[in-house]
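Engineer: Kindly generate the corresponding structure for this input.
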Amino acid sequence: MPENVLTPPFNARVVERLSVGPASRRERIVHSLDGLETPVRPQALTAAGDRLWQRLRAKVPDVEQSADFLLGLDAGGILPTVSLAAASALPYKIAWKLHLPLAGEVRFTEPHATRTDVFAYGIAAGQRIVLVDDEITTGHTLTNLALRLREAGAEPLGAACLVEDAARGGRTMLADHGIPLVTLTRIGAAT
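Structural biologist: So this is what the prediction gives:
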């Protein structure tokens, strides 16, 4: 019989990145689901997905009936995407930093990354999609993805992230483009 373990609260903070190039961000958000500092219990991942799903349902009306799938970002967005898929019973896809000869390609950029080009595949007009990543800072990556999806005729319904760095303006940028945002926690500004 599995051990009954309390799920610790989700937490996040900013740390300095060492040995980074001039084009890369000097800081990194670390959080309790990334496994960097301590092992992650599966219950914590499940609880995070459940909380994100509750918040998404409250913020995006009829998301459970209207969303076709979740679209997570490589690599940090994989865990929150899978946990949100389990909580919502929605299928998921992952956008990868791999350029492949696959149909329905949507190319977008992650401007602060070393490799900036990211690709989503199997995107078609009329699809209604929830965007998922581990963190949002400036909002440029998710906004760029939302705009490219719209150009392809798809509809981004909202975005779900584990952490928001509220000092960087990402929420405002998404809101300016009609994309509601839900997160588990905010850092970088008074909550």
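Engineer: give the contact list for residue 45.
Structural biologist: Residues near residue 45 by Cβ atoms under 8 Å, 6 or more residues apart in numbering: 33, 79, 82-83. Backbone N, C-alpha and C define where each C-beta goes, glycine included.
Engineer: Nearest to residue 23 among those residues?
Structural biologist: residue 79 (25.9 Å; Cβ to Cβ).
Engineer: Okay, now stretch 176-185: how far is its last residue from its first?
Structural biologist: 21 Å (Cα to Cα, to the nearest Å).
Engineer: tell me which residues in that stretch are buried?
Structural biologist: Judged by neighbour count (16 or more other Cβ atoms under 10 Å), stretch 176-185 contains these buried residues: 179-185.
Engineer: ok, residues contacting it?
Structural biologist: With Cβ under 8 Å, 6+ apart as the test, stretch 176-185 has contacts from 10-12, 31, 48, 51-52, 55-56, 58-60, 131, 136, 142-143, 146-147, 156, 158-164, 170-171, 174-175, 191.
Engineer: cool, stretch 86-101 as well?
Structural biologist: 46, 49-50, 52-53, 56, 64, 67-74, 77-78, 81-82, 84-85, 106-108, 113, 115, 117-122, 130, 132, 145.
Engineer: how about a cut-off of 7 Å?
Structural biologist: With Cβ atoms under 7 Å, 6 or more residues apart in numbering as the test, stretch 86-101 has contacts from 46, 49-50, 52-53, 64, 67, 69-74, 78, 81-82, 85, 115, 117-122.
Engineer: Isn't residue 159 up against residue 171?
Structural biologist: No - taking contacts as Cβ atoms under 7 Å, residue 159 lies outside contact range of residue 171: 9.3 Å.
Engineer: for the protein, which strand is longest?
Structural biologist: strand 155-165 (DSSP state E).
Engineer: Quick one: name whatever helix or strand follows it.
Structural biologist: helix 170-176 (DSSP states H and E).
Engineer: Go through that next one and flag the buried ones.
Structural biologist: For helix 170-176, using 16+ other Cβ under 10 Å, the buried residues are 170-171, 173-174.
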